[in-house]
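Q: Make a model of this:
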Amino acid sequence: MSLSPEQRREYRGIAHHLKPVIIIGDKGLTEGLQQELERALNDHELIKIKVASPDRDRRQEAVAALCEASGAELVQTIGKIAVIMRRASKPNPKLSNLQRYRQA
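A: Residues are numbered from 1 along each chain as shown. Next comes the predicted model:
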């Protein structure tokens with residue numbers, strides 16, 4: 001699933017006001033972090049992730065590994081913040097950032 005430039009622009013606009021729900025610290029990609037990522041993607045579909053590493057290459061590797069492990073699509077990265085998206089099979093209209101944005 002590859003995003004078109006129009007979809008990326010729309011998702012960046014939706015994610016602009018979101019706060020990071022996943023923060024990757026010194027321990028990296030732990031099993032608990034991956035479980036929380038799955039829960040967040042199932043609930044919200046579009047989320048922000050903060051990578052606390054000061055090294056740019058490590059941040060990019062961590063985000064790429066998360067996207068690969070979860071099947072999510074990278075929308076945007078700016079500094080230590082990444083926006084990723086994965087459609088839920090049955091999105092909850094009260095929790096999904098995509099559904100709530102379209103209803104507003």
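Q: Check this structure and tell me which residue is nearest its centre.
A: Residue closest to the mean C-alpha point of the chain, counted by C-alpha atoms, centre = their mean, is residue 84 at 2.8 Å.
Q: Show the contacting residues for it.
A: 41, 46, 47, 49, 63, 66, 67, 70, 72, 73, 74, 75 (C-beta atoms under 8 Å, 6 or more residues apart in numbering). Quick note: C-beta positions are derived from backbone N, CA and C, even for glycine.
Q: and the residues you listed, which are buried?
A: Restricting the contacts of residue 84 to buried positions leaves 41, 46, 47, 49, 63, 66, 67, 70, 72, 73, 74, 75, with burial counted as 16 or more other C-beta atoms under 10 Å.
Q: tell me the secondary structure for the fifth one?
A: Of the three states, residue 63 takes helix according to DSSP: H, G, I helix; E, B strand; the rest coil.
Q: looking at it, it is touching residue 73, isn't it?
A: No - using C-beta atoms under 8 Å, residue 63 makes no contact with residue 73, being 11.4 Å away.
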